[in-house]
Structure formats: structure tokens, C-alpha cells
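Chemist: With the input below, show me the fold.
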Amino acid sequence: MMRFRKRVALVTGAGSGIGRAVALRLAREGAILVLVDQAEAGLMETEGALPEDTESLRRVMDVSDESAVESLVNDVIRTYGQIDVLCNNAGISGKHPPITEQDRQEWDRILSVNLIGPMLFIKHVAPHMQARRLGSIVNTASVAGIRSGAGGNAYSASKAGVINLTQTAACDLGGDNVRVNAVCPGLIETGMTQPIFDYARANEKAHKLGSRCELRRYGAPEEIAAAILFLASDDASYITGQALPVDGGNTASLNLPGMKV
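Modeler: All right, here's what the predicted structure looks like:
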């Protein structure tokens, strides 16, 4: 399929994990890529994995820096004249202390990247989509934004915010034919979740990874990328304001400890 042929797609967090999987899939389907991450080495690895004929632009930046976001969007519009797809994927997880031991600076850092970052990109990209009455925005939220137990307090709150941002932005932009949706990944092996996997494997608990999902396994970045590309494509032309769990069925049941064998 070449659903994104000659379309310009901006992907944040493209230097690893889900963001890299999204970039590779978009490239295979013909997209012109704008790749964003704080880690230049990761971005270069992603670029090196792209098909040889892929046209791409790389930018190392902090997604919570509004001046940097505005500058990038202006550069993309000058270079390509349009942005057809925005994938807000950049995110950080933070620590997991109990609520009575929360650190304000940690909350500020996580909310800045996970929630303010997507808001800033939508703020500066959406007007160009509205002007053309064409565009799709896909935010990466998390099952942690749907229910507790999948992340720390700050991370979970930030992802719940992303889900609500998705809904409110969809209402703001729908009249101009700009769609906004989110995916809510379950347990996926990425750089951000690697400590969980390393701990389980080092302590003979690898068999428990993903065991609380209905499919009894964890997921791969490519499985999340497939859902993101569907929502970004014309195949989802009548879908907006939705948060799609891609979690092996994790949120389909009460999923209480000890309920599954």
C-alpha cells in the first residue's frame, strides 16, 4: 500500500521505539518524513533504516519548547508547503513513587513533554491543515491514561490529559476536516519500558510479561505503528476524537490481580 505517497508526515519521538516504527512504516507507504527527537543518535539510526529513496528532514529538539516547535513547523511549510500527518509520539515515563512522595519538578517535566508537547505541535500545525481543509493528527496516549496500574501518577495523569486533548482538539478542528485521534498502547517493549523487561528477564519472571492481557503477551512497536497509520490514513476518514486501546485486551476486563491464571 502507498496510502501516504507524497504526503508530509511529522513524527515526534522518532528516534526509537514506537516513533521509529511509525517512521519506517510511513516511509514504506511513500511519505515524506519530518523526524523529531531529543536524541540525535537515535534519529540518525532511524534515518539509516529508511528506504533509500525516502525524503526526510531531521530536527533535534525539545518538544516542550514552543519557539523550537514554531520554528520547525515554519521550516517544514517553507520546504514542503504542507503537513498532512502529525504523529505526537514523544514521551517519557518518570518514576513510580507513591502519591505522598511525589516530586513537583518530576511532574513538571513529564507534563511538559507528554502533554504540553502535543498541545504545542497541534497549535502550530493545525492552522496549516485547516487552511487546506485536510489533515490527520494521531497522539500516542497509553492504557495508563484509561485506568491505574500501568504507570506512575504523573505519567498516568499526562496520558489521561492526552486523551482529553485529543477529544477537545477533535471538536475544535472537525469543522475544517482535520481529524484528531489517539492510540493507547499497552505493554510494548521499547527503550522507555526496557527496565521492566530487563528486570523480569533477570529475575526469571519473563513469562509474566503481558500475562494480564487477554492475548497473554506483550506487544511490539510495529503493532502500535499499524494502528497509528490506520488512524492517520484515509481508511479512517470518518473517525475523529477517539482513543483506541491497542493493548492485547488489557482494558477489556476488570483485570484485577489474581483473576487470571
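Chemist: for the protein, which spans come out with low pLDDT?
Modeler: 191, 193-202, 204-211, 254-261 (pLDDT under 70).
Chemist: just the helices in it please.
Modeler: Taking DSSP state H as the criterion, the chain contains helices spanning 17-28, 40-49, 66-80, 104-111, 117-132, 153-173, 194-202, 221-232.
Chemist: which helices and strands sit right next to the third one?
Modeler: Helix 66-80 makes packing contacts with strand 8-12, strand 32-37, strand 56-60, helix 117-132 when contacts are defined by 3 or more C-beta pairs under 8 Å, 6 or more residues apart in numbering; DSSP states H and E. Heads up, the C-betas are built off the backbone N, CA and C, glycines and all.
Chemist: Show me the contact partners of it.
Modeler: 8, 10, 32, 34, 36, 57, 59, 61-63, 83, 117, 120-121, 124-125, 128 (C-beta atoms under 8 Å, 6 or more residues apart in numbering).
Chemist: switch to 7 Å and redo it
Modeler: 8, 10, 32, 34, 57, 59, 61-63, 83, 120-121, 124-125, 128 (C-beta atoms under 7 Å, 6 or more residues apart in numbering).
Chemist: Just the buried residues from those residues, in ChimeraX please.
Modeler: Of these, the buried ones go into a single ChimeraX selection, burial set by 16 or more other C-beta atoms under 10 Å:
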select :8,10,32,34,57,59,61,63,83,120,121,124,125,128
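Chemist: Show me the two of the contacts of helix 66-80 that sit farthest apart.
Modeler: Greatest spacing in the contacts of helix 66-80, by C-beta to C-beta: Ile32 and Asp62 (23.5 Å).
Chemist: As JSON lines, the helices of the chain with distance to Gly94 would be great.
Modeler: JSON lines is the format used below for the helices of the chain (distance: least, C-beta to C-beta, whole Å):
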{"stretch": "helix 17-28", "distance to Gly94": "16"}
{"stretch": "helix 40-49", "distance to Gly94": "19"}
{"stretch": "helix 66-80", "distance to Gly94": "22"}
{"stretch": "helix 104-111", "distance to Gly94": "5"}
{"stretch": "helix 117-132", "distance to Gly94": "14"}
{"stretch": "helix 153-173", "distance to Gly94": "5"}
{"stretch": "helix 194-202", "distance to Gly94": "12"}
{"stretch": "helix 221-232", "distance to Gly94": "20"}
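Chemist: of the ones you listed, which approaches Val180 most closely?
Modeler: Going by C-beta to C-beta, the one of those nearest Val180 is helix 153-173, 4.1 Å.
Chemist: Can you list the helices and strands that that closest one packs against?
Modeler: The contact analysis (3 or more C-beta pairs under 7 Å, 6 or more residues apart in numbering; DSSP states H and E) places helix 153-173 against helix 104-111, helix 117-132, strand 135-140, strand 178-185.
Chemist: Can you get me a residue count around the nearest residue to Thr166 once chain neighbours are set aside?
Modeler: Among residues not flanking Thr166 along the chain, Ala182 sits closest, at 4.2 Å (C-beta to C-beta, 6 or more residues apart in numbering). Ala182: 29 surrounding residues under other C-beta atoms under 10 Å.
Chemist: Ala182 and Thr54, how far apart?
Modeler: 26 Å (C-beta to C-beta, to the nearest Å).
Chemist: Pretty sure Asn181 sits against Leu231.
Modeler: Yes. Using C-beta atoms under 7 Å, Asn181 makes contact with Leu231 at a distance of 4.4 Å.
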